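> model this:
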Amino acid sequence: MKRAGKQTLIFQNPPAILSSSAVVGPKEGEGPLKKTFDLVMKDTLCGEKSWEKAECKILQEAVKIALNKVDLKPEQVDFLLAGDLLNQTISANYAARQLAIPFLGLYGACSTMIESMILGSVLVDGGYADTVVAAASSHHDTAERQYRFPSELGVQRPLTAQWTVTGAGACLIAKGSGGPRITSATIGKVIDLGIKDQNDMGSAMAPAAVDTITQHFQDTGHSMDDFDLIITGDLASLGKALAQQLLERQGYLPGDKYSDCGILIFDPTQDTHAGGSGCACSAVVTCGYLMQNIRSGRYKRMMVIGTGALLSPVSLLQGESIPGIAHGIVIENENGYRDQKEM
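Predicted coordinates for the structure are as follows:
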């Protein structure tokens, strides 16, 4: 591994994504990406007594499915890197209790999936691990209860609000070949332009996403033309529009190459307002739809930018603004191309 510029890591021995899985709730299973998910739960409780326990179960299922695809058992995995949106990351913690894999709990808000993939790649590329599972989860009802209002209260949501995705994504990152490669990663900075509206988190995160994308270009010499797809995690309709404007101000014309997981995961007829959000938004789209498309050869190189709003209920009540964070990874088709530019 070597550094490129200020914030980018270039992996000398690019880790492979041997397998991935996406488990979602019933609403997500009715959306346009339904055929790309491995498992759609019948209801949001998943046979459990609480939504928190349901989220934990979904995360466990995602990890197990990813391992089953390559005939691995949990004891054959070196590390599990996972996180969620809840206080003390309880979904990941309790899932790790059941899986019994050496565990590092992570919190990057909705950027957690990409954060876990970056750190997993560092461990594998550096020779500290042979196999790492990176995972993240969220649940609509657990997030509503913690960050906004309990679902039972029936509070009206403004049109700027996003719908937290119920689901979990997991991928097995390993040395050697056998899948798409993670070739580089750009670690983002916390960016805060003073937005305080918890019902417009896409706009709060968009500046961080743009900062990470443009920093990657500066660090590596890449441009929009070097990618088949650049996709953000959960800016949804408002945040994506703002990100496009900010990119254009800096001279970048994203065009059709730029998309957002929060827009792809739901159909407008599902009435999610601005679109999807949550750790699982980028996790299930990346581990399902995006992995299928890069394995098929539709995409040779793509940049996935996990976006997170680093707020808490306490910080909002104290009048704080919403800091944003964004981390990016570059994933390349195993049979695709590697850029030979000096970095």
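> quickly list what residue 328 is bridged to.
When bridges are called by DSSP bridges, residue 328 pairs up with residue 186, residue 305.
> find the residue at the geometric middle of this structure.
Geometric centre of the chain, nearest residue: residue 282, 3.3 Å, by C-alpha atoms, centre = their mean.
> all helices for the protein, in order.
Listed in chain order, the helices of the chain (DSSP state H) span 51-68, 90-99, 112-125, 140-147, 201-220, 236-249, 261-264, 279-284, 291-296, 313-317.
> kindly reformat those as CSV containing mean pLDDT and distance to residue 178.
Where C-beta positions appear, they are placed from N, C-alpha and C, glycine not excepted. Output for those, formatted as CSV (pLDDT from 0 to 100; distance: least, C-beta to C-beta, whole Å):
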stretch, mean pLDDT, distance to residue 178
helix 51-68, 96, 13
helix 90-99, 96, 22
helix 112-125, 98, 13
helix 140-147, 84, 34
helix 201-220, 96, 25
helix 236-249, 94, 33
helix 261-264, 96, 25
helix 279-284, 97, 21
helix 291-296, 96, 11
helix 313-317, 86, 43
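> for residue 170, which of these is the nearest?
helix 51-68 (4.1 Å; C-beta to C-beta).
> between the helices of the chain, which one is nearest to residue 4?
Nearest of the helices of the chain (C-beta to C-beta): helix 201-220, 4.7 Å.
> packing partners for that closest one?
Contacts defined by 3 or more C-beta pairs under 8 Å, 6 or more residues apart in numbering; DSSP states H and E place helix 201-220 against strand 8-10, strand 181-186, helix 236-249, strand 301-309, strand 324-332.
> quick one: distance of the first one to the chain centre.
Same thing as strand 8-10. 19 Å (C-alpha atoms, centre = their mean, to the nearest Å).
> about what we covered before: need the winner for burial among the helices of the chain.
helix 279-284 (a mean of 38; mean count of other C-beta atoms under 10 Å).
> who's in contact with that helix?
Residues from elsewhere that reach helix 279-284 (C-beta atoms under 8 Å, 6 or more residues apart in numbering): 22-24, 28, 33, 37, 83-85, 109-114, 135-139, 164-170, 233-234, 261-262, 265, 304, 306-307.
> mind running it again at 7 Å?
If you take C-beta atoms under 7 Å, 6 or more residues apart in numbering as the criterion, helix 279-284 is touched by 22, 24, 28, 37, 83-85, 110, 112-114, 136-138, 165-169, 233-234, 261-262, 265, 304, 306.
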